[in-house]
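Visitor: mind looking at a prediction? Sequence and model below.
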Amino acid sequence: MNGLALILGVIFGVLLYNWKSKAVSKRAGWIWACSVFAGIMIFFNAIIGISNHMDEKRMQEAFSMLDQQMIKEGNPNKESGENLRLTIKMATVTRTIDHHVYVGNFNKAKAFKGKVHVMLYKDNKIIAEDTSLEFTLMPGEKKKVNIFSGPRNYDSFKWEWIGELK
């Protein structure tokens, strides 16, 4: 349940109850208050549910892309940086574009501890770049490590691992 929806539902429910119970009857006030409370709860929780579903779908697509990258470019027979993979998924938030950075460690024994520096390119020029906070990526783990705002259109992206495999 959403705390904001609960608070707004209670506030508007009480206000409507006070207004309708004086204007019409206490029963009408109670019906209006419950209806408004339920409507606000449904509205806000539906928005949060849709948002959570979109985030989950974005994450599953990113993890699938990481798996495909590993199959094409990784080296499962060697514990190395070749088995650290990264992908970016975009999400539109009003007028800005959020770039969600997902990483995966496909090594079997070595963890990565450090940061990742991401650069977005257009016409072979860097148009945006960002460095994540420090994180630890255990063997076999995939996760989202960063979100940054940037341009909608770019040709490619590159990344640099800043840290070490242990």
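Guide: Thanks, I have it.
Visitor: pull out the buried residues from stretch 44-53.
Guide: Judged by neighbour count (16 or more other CB atoms under 10 Å), stretch 44-53 contains these buried residues: residue 44. Yep, even glycine has a C-beta here, placed from its N, CA and C like the rest.
Visitor: what's the mean pLDDT across it?
Guide: Averaged across stretch 44-53, the pLDDT comes to 87.
Visitor: mind listing residues that contact it?
Guide: 1-2, 4-5, 8 (CB atoms under 8 Å, 6 or more residues apart in numbering).
Visitor: for stretch 110-121, same thing?
Guide: Contacts of stretch 110-121 (CB under 8 Å, 6+ apart): 79, 84, 86, 88, 99, 101, 103, 105, 126-139, 145-146, 148, 150-151, 154-166.
Visitor: same thing but 7 Å
Guide: With contacts defined as CB atoms under 7 Å, 6 or more residues apart in numbering, stretch 110-121 is touched by 79, 84, 86, 88, 101, 103, 105, 126-134, 136-139, 145, 150-151, 154-166.
Visitor: can you say which of those residues are buried?
Guide: Buried among the contacts of stretch 110-121 (16+ other CB under 10 Å): 84, 86, 88, 101, 103, 105, 128-130, 132, 137, 145, 150, 154, 157, 159, 161, 163, 165.
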